[in-house]
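1. Need coordinates for the following:
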Amino acid sequence: MNQPQEVENPEFLKKLRKLSLIEGCSTLILFFIAMPLKYLLELPEAVSWPGRIHGGLFIFLVMFSVIAIRKVPIGIKLSFMLIIAAIIPFGPFWMDKKLKVLP
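-> Numbering: from 1, shown residues only. Got it, this is the predicted structure:
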């Protein structure tokens with residue numbers, strides 16, 4: 001399925017974008033605050049809660065991305081890109097620009 005011409009469910013798209021940005025923030029907190037505390041200050045508990053929260057948000061983002069293929073709809077390629085971008089720091093913020101311009 002190619003990129004759809006029109007967004008059928010803008011509310012779900014807004015939720016997907018918001019979840020993506022929140023997940024992106026959790027990635028930055030984990031990578032740039034919690035992990036340095038763990039390794040530089042030898043505080044392994046610093047990643048405990050941020051890691052769990054990030055993991056849960058990532059799972060929700062994957063689920064929302066797959067659901068969005070039919071519900072919004074977005075293309076399979078865009079959904080896959082969103083999931084991959086969630087792994088990369090600042091990736092969700094870059095993908096938000098792509099989701100924002102959907103017609």
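2. So which residues make contact with the helix ranked longest in the chain?
-> Selection of the longest helix in the chain by residue count, based on DSSP state H, yields helix 48-71. Applying Cβ atoms under 8 Å, 6 or more residues apart in numbering, the set of residues contacting helix 48-71 from outside is 1, 8-9, 12-13, 15-16, 19-20, 22-23, 26-27, 29-30, 33-34, 74-76, 79-80, 82-83, 86. C-beta here means a position set from N, CA and C on the backbone, and glycine is covered the same way.
3. Just the buried ones out of those residues, please.
-> Judged by neighbour count, with 16 or more other Cβ atoms under 10 Å as the criterion, the buried members of the contacts of helix 48-71 are 12-13, 16, 19-20, 23, 26-27, 30, 34, 74-75, 79, 82-83, 86.
4. Inside helices: which ones of those residues?
-> 12-13, 16, 19-20, 23, 26-27, 79, 82-83.
5. Show me the residue sitting in the middle of this structure in space.
-> The residue lying closest to the centre of the chain (Cα atoms, centre = their mean) is residue 20, at 3.3 Å.
6. now that one, nearest residue through space, not along the chain?
-> If you skip the residues right next to it in sequence, residue 20 has residue 92 as its closest partner in space, 4.4 Å away by Cβ to Cβ, 6 or more residues apart in numbering.
7. circling back: tell me which two of the ones in helices among the buried ones among the contacts of helix 48-71 sit farthest apart.
-> Comparing every pair within those by Cβ to Cβ identifies 12 and 27 as the most remote, at 22.3 Å.
8. Okay, now the unreliable bits of the chain?
-> Low-confidence segments of the chain, defined by pLDDT under 70, span residues 1-5, 103.
9. related to what we said a few turns ago, how far off centre is the longest helix of the chain?
-> Mean C-alpha position of helix 48-71 versus that of the full chain (Cα atoms, centre = their mean, to the nearest Å) differs by 7 Å.
10. Export stretch 83-100 to CSV, keeping only CA atoms.
-> The C-alpha atoms that make up stretch 83-100 are tabulated as CSV, following Å, rounded to 0.1, in the frame of the first residue of the first chain:
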residue,chain,number,x,y,z
ILE,A,83,9.5,2.4,14.8
ILE,A,84,13.1,2.6,13.7
ALA,A,85,13.3,6.3,14.5
ALA,A,86,12.2,5.6,18.1
ILE,A,87,15.4,3.7,18.6
ILE,A,88,17.6,6.6,17.6
PRO,A,89,18.0,9.7,19.9
PHE,A,90,16.1,12.6,18.3
GLY,A,91,14.6,10.2,15.8
PRO,A,92,11.0,10.7,16.9
PHE,A,93,11.4,14.5,16.6
TRP,A,94,12.5,14.1,13.0
MET,A,95,9.6,11.8,12.3
ASP,A,96,7.1,14.2,13.8
LYS,A,97,7.9,16.6,11.0
LYS,A,98,6.9,13.8,8.5
LEU,A,99,3.7,13.0,10.4
LYS,A,100,2.8,16.7,10.7
